[in-house]
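Asks: sequence and predicted structure below; questions after.
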Amino acid sequence: MKKLELININKTYELNIPVLKNISFFVDSGDFLVLLGPSGSGKSTILSIIAGFEPQNSGDVFIDGNNCNKKPCQDRDVAMVFQNYALYPCMNVYNNIAFPLINRHEKKEIVNQKVRTIAKTLHIEDILKKKVDKISGGQKQRVAIVRALAMNPDVMLFDEPTSALDPEMVGEVLALMKELAAEGMTMVVVTHEMGFAREVASRVLFINDGTIQEDETPEELFDHPKNARLQEFLSKIL
Ligand code: ADP
Ligand code: MG
């Protein structure tokens, strides 16, 4: 079943240079889609348009078969995890996770139950009282993922979630994402962790210059890249 579909998305920021040109793709329920491509190719813009943070100039976004063009971000059942965590530094871990739920007017007892259950499942219950500026980068990203998950999203978007982490922290965040994928969460992920993408992705899209230049299984894309720009890109990062 199609969980997410983009049809002919075009995007130009104020400089009048087209950033996305007729982007169309779909993600089935439970898929793990990786977006790969050089810096500035439009990957983050694609995620922002899906989440509703940025409007497209034309084209349609469907989530669960419903056209979301006019839906504000808070009504989309989509959660996004950023490279820089985007946590509230003055709050403790518990309040960071609870804040969006309270903002959604959920009852305090329900919020409490949700935060504690999910924190336990994802092994962060012992740091709930800590201020976020007192925990490691890996823990911060775990908290950001737990906060996103607590919203019970239909689709999770990850924008280079391990790029700001020290190398020894990367593994624990990738392990958590793998866990979510195994549980059937639909995910769209921008990552340069190629080994991880090869192991976990259902499909990989190569984005270049605002267009999709390849849409393949990871085996096909990494082992038999057809597109010359993709070959050049892989030769630099692998
Ligand atoms: P990627 O995530 O692949 O590095 P982005 O989607 O961030 O690419 O950016 C694609 C292009 O759009 C770049 O040229 C970037 O400078 C431009 N861009 C991104 N965000 C904005 C913005 N808020 N305002 C103007 N230009 C932007
Ligand atoms: Mg980006």
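Replies: Everything's here; your move. Numbering: from 1, shown residues only. Ligands and ions are numbered 1, 2, ... in the order given.

Asks: show me which residues of this protein are close to ligand 1?
Replies: When proximity is defined as Cβ under 6 Å from any ligand atom, the chain approaches ligand 1 at Y13, V19, G37, S39, G40, S41, G42, K43, S44, T45. Where you see a C-beta, it was placed from the backbone N, CA and C, and this is true even at glycine.

Asks: can you select the buried ones among the residues you listed for me in ChimeraX?
Replies: Only the buried members of the residues of the chain next to ligand 1 end up in this ChimeraX selection, burial being decided by 16 or more other Cβ atoms under 10 Å:
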select :19,37,41,42,43,44,45
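
Asks: farthest pair in the residues of the chain next to ligand 1?
Replies: Y13 and G37 (17.5 Å; Cβ to Cβ).

Asks: give me the buried positions along the worst-scoring helix or strand of the chain on mean pLDDT.
Replies: With mean pLDDT, DSSP states H and E as the measure, the helix or strand of the chain carrying the lowest mean pLDDT is helix 167-182 (a mean of 92). Counting neighbours by 16+ other Cβ under 10 Å, one finds that the buried residues in helix 167-182 are M169, V170, E172, V173, L174, L176, M177, L180, A181.

Asks: got it, and stretch 178-194?
Replies: If you call a residue buried by 16+ other Cβ under 10 Å, then stretch 178-194 has these buried ones: L180, A181, M185, T186, M187, V188, V189, V190, T191, E193, M194.

Asks: which residues are contacting that stretch?
Replies: By Cβ atoms under 8 Å, 6 or more residues apart in numbering, the surrounding residues in contact with stretch 178-194 are 3-4, 27-36, 43-44, 46-47, 50, 145, 149, 154-163, 170, 174, 177, 196-197, 199-201, 222, 237-238.

Asks: just the residues you listed: which are in strands?
Replies: 3-4, 27-28, 32-36, 155-159 (DSSP state E).

Asks: just put the residues you listed in CSV and tack on neighbour count.
Replies: Rendered in CSV, the data for these read as follows (neighbours: other Cβ atoms under 10 Å):
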residue, neighbour count
K3, 18
L4, 24
V27, 22
D28, 14
F32, 25
L33, 22
V34, 26
L35, 26
L36, 26
V155, 23
M156, 22
L157, 27
F158, 27
D159, 21
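
Asks: tell me the SS of V19?
Replies: strand (DSSP: H, G, I helix; E, B strand; the rest coil).

Asks: surely it meets S44?
Replies: No. Look at V19 against S44 with Cβ atoms under 8 Å: they stay out of range, at 9.9 Å.

Asks: quick check: the residue sitting furthest away from the middle of the chain vs ligand 1, distance?
Replies: Among the C-alpha atoms of the chain, the one farthest from their average position, using Cα atoms, centre = their mean, is that of E109, at 28.7 Å. E109 sits 40 Å away from ligand 1, taking Cβ to the nearest ligand atom, to the nearest Å as the criterion.
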